[in-house]
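**Student:** I would like the atomic coordinates for the input below:
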Amino acid sequence: MEKGRLEAFTDGVIAIVITIMMLEIRVPREHTLAALRPEVPLILAYALSYANVGIFWNNHHHMLQASERVDGRVLWMNLLLLFWISLMPFTIRWMGETRFSATPTASYGVVLMLAALSYLLLEKALAACNGADSALARAVGRDGKAIASLVIYVAAIPLAYVSAWLSMGLYVVNAVTWFLPDRRIEKAGATAKTA
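**Tutor:** Predicted coordinates for the structure are as follows:
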């Protein structure tokens, strides 16, 4: 399979997920800004989720630019990543309907953590598919940032039972650390294009 098909499929799924996430926000019946106040936490969760989906999409793009080919394992790892990303609208709605109670907030973290783990597995599958001397394999090496990100999720998930807002704060910290694409992969993608 050409990697372009994988990219197109991923783009389509992510576009649908982002659309569904937006549909979870209720439109107030009143015409005042004060009517939005009850929805502010959900709007902020949507913004965080939008950023996270965008981060996955952006880094996915750069990772595929640094790859020359895909195989069956890569396809399955990509589907696993998309599965966890597709659960974000559900967890956002659950958090919104329960006013960010502990279990829904922890579940949101579980979904984010498993999406991050799936991304890491996809990265490893692509590196293996393209060979140990490929641009991607050389770029990622031991991915300390990804491991640190998983550790933050592992800390944030049980923290939701102490304070949902502290837990959400750690989810924001993780998003901020990944906001800029991985420079190593970005450079490898540029190198792969010119090679």
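
**Student:** List the buried residues for the helix ranked longest in the chain?
**Tutor:** Looking across the chain with DSSP state H, the single longest helix is helix 102-130. Of all the residues in helix 102-130, those buried under the rule 16 or more other C-beta atoms under 10 Å are 102, 104-127, 129-130. C-beta: built from backbone N, CA, C; applies to glycine.

**Student:** continuing past that helix, what's the next helix or strand?
**Tutor:** Next along the chain after helix 102-130, taking DSSP states H and E as the criterion, comes helix 135-140.

**Student:** Now that following helix: average pLDDT?
**Tutor:** Averaging pLDDT along helix 135-140 gives 84.

**Student:** same deal with stretch 36-47?
**Tutor:** The average of the pLDDT scores along stretch 36-47 is 89.

**Student:** which of the residues in it are buried?
**Tutor:** Neighbour-count burial for stretch 36-47 flags 41-42, 45-46 (criterion: 16+ other C-beta under 10 Å).

**Student:** ok, and what's touching it?
**Tutor:** The contact list for stretch 36-47 (C-beta atoms under 8 Å, 6 or more residues apart in numbering) reads 21-22, 24-26, 28, 92, 95-96, 99-100, 108, 168.

**Student:** rerun at 6 Å
**Tutor:** For stretch 36-47, the surrounding residues in contact (C-beta atoms under 6 Å, 6 or more residues apart in numbering) are 21, 25, 28, 92, 95-96.

**Student:** Report the distance from that stretch to the chain centre.
**Tutor:** 19 Å (C-alpha atoms, centre = their mean, to the nearest Å).

**Student:** likewise stretch 150-170?
**Tutor:** Chain-centre distance of stretch 150-170: 16 Å, with C-alpha atoms, centre = their mean.

**Student:** From residue 45, how far off is residue 165?
**Tutor:** From residue 165 across to residue 45, the span is 11 Å (C-beta to C-beta, to the nearest Å).

**Student:** again, but for residue 16
**Tutor:** Separation of residue 16 from residue 45 (C-beta to C-beta): 19 Å.

**Student:** May I ask which helix or strand encompasses residue 51?
**Tutor:** helix 40-65.

**Student:** Can you give the contact residues for the helix or strand following that helix?
**Tutor:** Downstream of helix 40-65, the first helix or strand assigned by DSSP H and E is helix 72-86. Identification of contacts with helix 72-86 by C-beta under 6 Å, 6+ apart yields 6, 13, 17, 111, 114-115, 118-119, 121-122, 125-126, 129.

**Student:** and the strand or helix carrying residue 150, what's its mean pLDDT?
**Tutor:** Using DSSP H and E, the element containing residue 150 is helix 144-159. Across helix 144-159, the average pLDDT comes to 94.
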